[in-house]
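*Asks:* next come a sequence and a model predicted from it.
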Amino acid sequence: MSDKILSDIKPCCADLYAKPVVAWLLGDSLHPGGLALTQRLGRMLKLTPSDRALDIACGSGASAMLLAGQFGCRVTGVDLAPLLVSGARAAASREKLEWVLGFALGDAEALPFREASFDAVVSECATSTFLDKGAAAREMARVLKPGGRLGLTDMLLTRGEVPEAFRGWPFQAACIADVWPAGKYQEVFSSAGFSNWRIEKVPEALTELLNQIRARLLALEVAGGLQKLDLSGYDLAAVKQALSTVERWVNSGGLSYGIFFALREVRHG
Amino acid sequence: MLDAQVLIRDNKVFMRKRCPDHGLFEGLIYSDAGMFASALRYNKPGSIPLEFSTQVKDGCPFDCGLCPDHKQHACLGIIEVNTACNLDCPVCFANAGPGYNLTLGEVERMLDRFVQCEGIGEVIQFSGGEPSIHPEILQMLRAAKRRPIKHVMLNTNGVRIATDDRFLAELAEIRPTIYMQFDGLSPQTSLALRGEDLVDSKRRALDRLASAGLNAVLVAAIERGVNEHEIGPLLHFGLDHPAVRGINYQPVMHTGRHPDFDPLQRITIPDVIKAIEQQTRGQFVASDFVPVPCCFPTCTSVTYAYVVDGKVTPLPRVLDVKDYLDYLTNRTVPDLSQEIQKALEGLWSASAVPGTEAAGELLGNACCNLDLPTLGRDLASRFFMVMVKDFMDLYTFNLKSLMKCCVEVLVPDGRMIPFCAYNTVGYREQVREQLRTRTGAGR
């Protein structure tokens, strides 16, 4: 993400995520499918203890920790947010996993790693938020060894265009303002040096997340209505409206969720 | 099947049918036309089961199983494990008496089929006859608990729970929700509907459930001229009793064994709701009730209330239920409380995720001196469900409602038959005869 655009978005982002209640609504792992989908991704990538893996936009490090724990591989997480990176490091040290887990501050479009450093790259529900997806794809290809495996999960545009209503804030942060159809991802990543594509749709991951948000909103409203919580500072009506709009988009078949798997070509360019 | 007209007369909704053999007949379906019209607005598309079990051949309602024309999956699957009963009630839609006992093997196969059709099953309810006297009922409950089914219920008259210590101890381990018939607090009601005075037995059963840490939903059959006046007192009794988490009012189904009745004077959902409003002096009012949108919305209405120190706060008064209609289903278990508990526990556990703020800061200043971990439990344990459910009889039978029914009776041959079709158009008699005369399994 370039500094200029980042500076445009960041205040809004901060504004939204500074309210931890919003982060809570989006769920512990902050992406559709949760850790179960991360596990599936790990199986698709056939991760083994001899692998070095990179998790781009690793957030709080939950997925990196799961991949290291379940598959025994070494995992490096990279994220743009200093707070998340330091939190992830602290968690790794609490779990005594520093020897397999590392976290770095960095930008997906200019990764702080040398060429051919990793056997596998994962990134969950993040590619759609990268402003220059081509640059991110080239960076993924650069840091992967030839023949290395790429596994992404992300929103998928399954019909038509992104409706006007979703192009602005807050959908930018929610991965859907610039969501692409599968073919476009494939095109951009192929020209960055990826091949052997496999794309699976997992719409239920998205539905489940939306249901979870709805349940948490309900709980919150009940607690608020019964004066157990003071929610006067929160605009729940706006959250509900945004949620309904996304639900309608998903239900009408326009938006889905997908797993993307590809190999870094041995020779490219 | 006959064509029918739905008419409004004196602000009441009737169904009129003309039979070539029996002439014209009419039945009351909803005693308040305004409430009927507003309930219809709650209808929403269903979601079909993963698998259907029958083909469309003779048309609705003769292909039940479910057939591909059905518009809803099963929220609630009922397994009638026997036909025998330890009571002999004058009112019994199941017409309990001699017949059959299902075997454990048969029940396991029915549960497997249910899971096959549903993926994750919502509710399995064991019924009868009187299921608690089936020799293998505990194994059956366990078999259901072992499968991906969210709630397991035992529908019982409570007699065995009131008297059998060992049975109660086993239930305390298995932890089903107890769905207990309880029609009123007076001996007269019990005598009229159950043929004997069961009030003390019911109270004892509920006290014993409370001491075993089990929860119950009361199920009250309401009959015109018998126990309408008990609707409010029964609700108060339930609100005060530590074991009771909800109450389900059901106008007596005029099928199977039942007293003579006037189809134009049936008790319907608005009558029960208005009686609740009057007899609780407004603790609950009509606008607190919401038509359940997953089945046909004129079949069931429900509300949830938060109850603490005798103060009742129906949730529709503190939030807009239209935002959360998916949580109002026909499962007859008060599991909205569980949803809320789960979600609020998530609020607590989210704080343990690296990178997020500590628990106390998660909601900023929102949680005024409140202990967050207990918030979920505290709220959930104080919710109370009030449901009103009207089943169809021959006078009110309506295919449009039936096709969206989400309460199904499971049959050993793998079919799942909508409850009102099972009890009204002859399936019950067919299945009972088949099972009574089957070889190898019958007793």
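*Replies:* Thanks, I have the structure now.
*Asks:* residue ranges of the helices in the stretch 251-400 of chain B, please?
*Replies:* B:269-279, B:336-350, B:359-362, B:372-380, B:399-402 (DSSP state H, counting those that start in this stretch).
*Asks:* and the residue in chain B that chain A sits nearest to, how many neighbours?
*Replies:* Chain A sits closest to residue B:318 of chain B, with a gap of 2.7 Å, by CB to the nearest CB. Backbone N, C-alpha and C define where each C-beta goes, glycine included. For residue B:318, the number of neighbouring residues by other CB atoms under 10 Å in any protein chain shown comes to 16.
*Asks:* the one 3 residues further on too?
*Replies:* The local packing of residue B:321 (other CB under 10 Å) involves 21 other residues.
*Asks:* skipping adjacent residues, who's closest to it in space?
*Replies:* The spatially closest residue to residue B:321, leaving aside those adjacent along the chain, is residue B:290, at 5.2 Å (CB to CB, 6 or more residues apart in numbering or on different chains).
*Asks:* surely the one you found and residue B:316 touch.
*Replies:* Yes: judged on CB atoms under 8 Å, residue B:290 makes contact with residue B:316 at a distance of 6.4 Å.
*Asks:* which of those two has more residues huddled nearby?
*Replies:* Higher neighbour count among residue B:290 and residue B:316: residue B:290, with 22 against 18, using other CB under 10 Å.
*Asks:* next one, pLDDT for that one please.
*Replies:* Per-residue confidence at residue B:290 stands at 92 (pLDDT).
*Asks:* ranking the helices of the stretch 251-400 of chain B by mean pLDDT, which is last?
*Replies:* Looking at these, the weakest mean confidence is helix B:359-362, a mean of 43.
*Asks:* what's the offset of stretch B:291-310 from the middle of its chain?
*Replies:* 11 Å (CA atoms, centre = their mean, to the nearest Å).
*Asks:* could I get the CA-only coordinates of that stretch as CSV?
*Replies:* Extracted in CSV, the C-alpha atoms of stretch B:291-310 (Å, rounded to 0.1, in the frame of the first residue of the first chain):
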residue,chain,number,x,y,z
PRO,B,291,-44.9,-14.4,14.2
VAL,B,292,-42.3,-17.1,13.6
PRO,B,293,-41.1,-16.6,10.0
CYS,B,294,-39.5,-19.9,9.3
CYS,B,295,-42.7,-21.9,9.2
PHE,B,296,-45.9,-20.3,8.0
PRO,B,297,-46.1,-17.2,10.2
THR,B,298,-49.7,-17.7,11.3
CYS,B,299,-48.8,-21.1,12.8
THR,B,300,-46.6,-19.8,15.6
SER,B,301,-45.9,-16.6,17.6
VAL,B,302,-43.2,-16.2,20.1
THR,B,303,-41.5,-13.8,22.5
TYR,B,304,-38.5,-13.8,24.7
ALA,B,305,-38.3,-11.8,28.0
TYR,B,306,-35.6,-10.9,30.4
VAL,B,307,-36.8,-11.6,33.9
VAL,B,308,-35.1,-10.5,37.0
ASP,B,309,-36.6,-10.0,40.5
GLY,B,310,-40.1,-10.4,39.1
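*Asks:* where does the stretch 1-150 of chain A dip in pLDDT?
*Replies:* Applying pLDDT under 70 to the stretch 1-150 of chain A picks out residues A:1-24, A:26-30.
*Asks:* if we use 80, what do you get?
*Replies:* Residue ranges of the stretch 1-150 of chain A with pLDDT under 80: A:1-31.
*Asks:* same question for chain B.
*Replies:* Across chain B, the ranges flagged by pLDDT under 80 are B:326-381, B:439-443.
*Asks:* for the residue nearest to residue B:321, give its distance to residue A:123.
*Replies:* 43 Å (CB to CB, to the nearest Å).
*Asks:* do residue A:63 as well
*Replies:* Residue A:63 is 10 Å from residue A:123, by CB to CB.
*Asks:* what does residue B:113 give?
*Replies:* Relative to residue A:123, and taking CB to CB, residue B:113 is found at 42 Å.
*Asks:* these two: which is more packed in?
*Replies:* Counting neighbours by other CB under 10 Å for residue B:113 and for residue A:123 shows that residue A:123 has the greater number, 25 against 20.
*Asks:* list the contacts for the residue lying closest to that one once chain neighbours are set aside?
*Replies:* The shortest distance from residue A:123 to any non-neighbouring residue, by CB to CB, 6+ apart, is to residue A:56 (4.0 Å). Contact analysis of residue A:56 by CB atoms under 8 Å, 6 or more residues apart in numbering or on different chains lists A:78, A:108, A:111, A:121-123, A:126, A:136, A:140.
*Asks:* sitting in helices, which of those residues do you find?
*Replies:* In helices, defined here by DSSP state H, the members of these are A:136, A:140.
*Asks:* and the contacts of residue A:56, which is closest to residue B:80?
*Replies:* Residue B:80 has its nearest neighbour among the contacts of residue A:56 in residue A:122, at 50.9 Å by CB to CB.
*Asks:* count of residues packed around that closest one?
*Replies:* The number of residues packed near residue A:122 is 29, by other CB under 10 Å.
*Asks:* ok, it touching residue A:67?
*Replies:* Yes: counting by CB under 8 Å, residue A:122 does reach residue A:67; the two are 7.2 Å apart.
*Asks:* where do the contact lists of those two overlap?
*Replies:* Counting by CB under 8 Å, 6+ apart, the residues touching both residue A:122 and residue A:67 are A:38, A:42, A:53, A:55.
*Asks:* tell me the one of these nearest residue B:132?
*Replies:* residue A:38 (45.3 Å).
*Asks:* all helices of the stretch 1-150 of chain A, in order?
*Replies:* A:3-17, A:20-26, A:34-44, A:62-71, A:82-94, A:133-143.
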